[in-house]
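Student: Based on what follows, work out the 3D shape:
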Amino acid sequence: MGDTNNRSEKRFTLDSCIGRRCYENPAYLDMLKVRVDFEYSKTVFTEVSIYEIDKRVEYGFDAVQSTLESSIGNEIQVEKITYDMHQLGIWLRENNEGLHVPDDQILAYAMLTDSVLITCDKGLERAARNVGQDVINPDRVTIDFSKTKSAIAKLAQSKVLLIRQKVQTIKNAKSVILKP
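Tutor: Just a heads-up that it's a prediction; the model follows:
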């Protein structure tokens, strides 16, 4: 890929189902590592995945996180779902048939953090593509990053931009207020 100084950090958001699948099937995880370069990336589970994975009786989130981290050679962080992500998730769910809680929140997180969503959930993949979100489903033969130009995708992307601008304005205001 070239010089690491010129490489921007890639961000990946892992869905709960990809975590479970990789934990349960080490060969699946090996296949994913061949297709995705985790070395110079920030890889994240959302806090939603803790609950989703901990519902499994035979293992929990900590085991999944630890196994994946040792395999990819990189830390997997756990990030919170903010109020804005929750609100965007509601909008996404209302405008994407078949999208449900908590997948809506994971998709909203990926969109607002400009992450590539990695999922093996076909419904979540379909919703992500519908709104123009970069998504990888390792079950697919090819990885396609072509952006959807549909009206819903344009509307979703404009919502993401508005939320990012709002968050940046709040950060800027706080920094001005907090200066001595």
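Student: drop to CA atoms for contacts and neighbour counts, all remaining ones
Tutor: Noted.
Student: helices or strands next to the longest helix along the chain in the packing?
Tutor: Longest helix of the chain, by residue count under DSSP state H: helix 151-178. Judged by 3 or more C-alpha pairs under 8 Å, 6 or more residues apart in numbering; DSSP states H and E, helix 151-178 is in contact with helix 83-94, helix 103-112.
Student: low-scoring stretches of the chain, by residue?
Tutor: Scanning the chain for pLDDT under 70 picks out 1-8, 57, 142-148, 178-180.
Student: let's see it at 50
Tutor: 1-6 (pLDDT under 50).
Student: Return the set of buried residues in the helix or strand containing Val34.
Tutor: Assigned by DSSP states H and E, Val34 belongs to helix 26-35. Buried residues in helix 26-35, counted by 16 or more other C-alpha atoms under 10 Å: 29, 32.
Student: ditto for stretch 117-130
Tutor: 117-120, 123-130.
Student: Would you confirm that His100 belongs to a helix?
Tutor: No. The assignment for His100 is coil, going by DSSP: H, G, I helix; E, B strand; the rest coil, so no helix is present there.
Student: show me the residues around the closest residue to it other than its chain neighbours that make contact.
Tutor: Take His100 and drop its neighbours on the chain: the residue closest to it by C-alpha to C-alpha, 6 or more residues apart in numbering is Arg93, 6.0 Å away. Going by C-alpha atoms under 8 Å, 6 or more residues apart in numbering, Arg93 touches 99-101, 104.
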